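Enquirer: The amino acid sequence is not available; the structure is as follows:
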């Protein structure tokens, strides 16, 4: 199985879904932009995902995230 998100529209839809998922699960407002997505599965069943992602977050959100992780 191979999945490549090449069109700008499909990457924008996936980015929006990911942004909402992160907000729902973590409470952090992170602007995610998927620039490249390639998912492949080899003959042994091993799935590999290659992503190029741009993420932007407000400084206040980043501070909360760092405090939570430490």
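Expert: Perfect, I can see it now. Note that the structure is a prediction, hence the values are computed from the model and not measured.
Enquirer: From now on I want contacts and neighbour counts done on CA atoms only, so please keep to that.
Expert: Fine.
Enquirer: contacting residues for the most centrally placed residue in the chain?
Expert: In the chain, the residue lying closest to the centroid (CA atoms, centre = their mean) is residue 18, at 5.5 Å. Residues in contact with residue 18, defined by CA atoms under 8 Å, 6 or more residues apart in numbering, are residue 32.
Enquirer: now with 10 Å?
Expert: Shown in contact with residue 18 (CA atoms under 10 Å, 6 or more residues apart in numbering): 12, 24, 30, 31, 32, 33, 34.
Enquirer: What number of residues are in the vicinity of the third one?
Expert: Residue 30 has 18 neighbouring residues, counting by other CA atoms under 10 Å.
Enquirer: thinking again about what came up before, let me know the closest of the contacts of residue 18 to residue 61.
Expert: Taking CA to CA as the measure, residue 30 is the one of the contacts of residue 18 closest to residue 61, at 8.2 Å.
Enquirer: residue ranges for the strands of the chain, please.
Expert: Using DSSP state E, the strands of the chain run over 2-5, 30-41, 47-57.
Enquirer: Check what contacts the longest one and list those residues.
Expert: In this case it means strand 30-41. Residues contacting strand 30-41 (CA under 10 Å, 6+ apart): 1-8, 10-20, 22-23, 46-58, 61-62.
Enquirer: what mean pLDDT does stretch 28-42 have?
Expert: If you average the pLDDT over stretch 28-42, you get 91.
Enquirer: Can you find the helix or strand of the protein with the lowest average pLDDT?
Expert: When each helix and strand of the chain is scored by mean pLDDT, DSSP states H and E, strand 2-5 comes last, with a mean of 83.
Enquirer: on contacts alone, who are the packing partners of it?
Expert: Packing contacts for strand 2-5, counted by 3 or more CA pairs under 10 Å, 6 or more residues apart in numbering; DSSP states H and E, involve helix 8-26, strand 30-41, strand 47-57.
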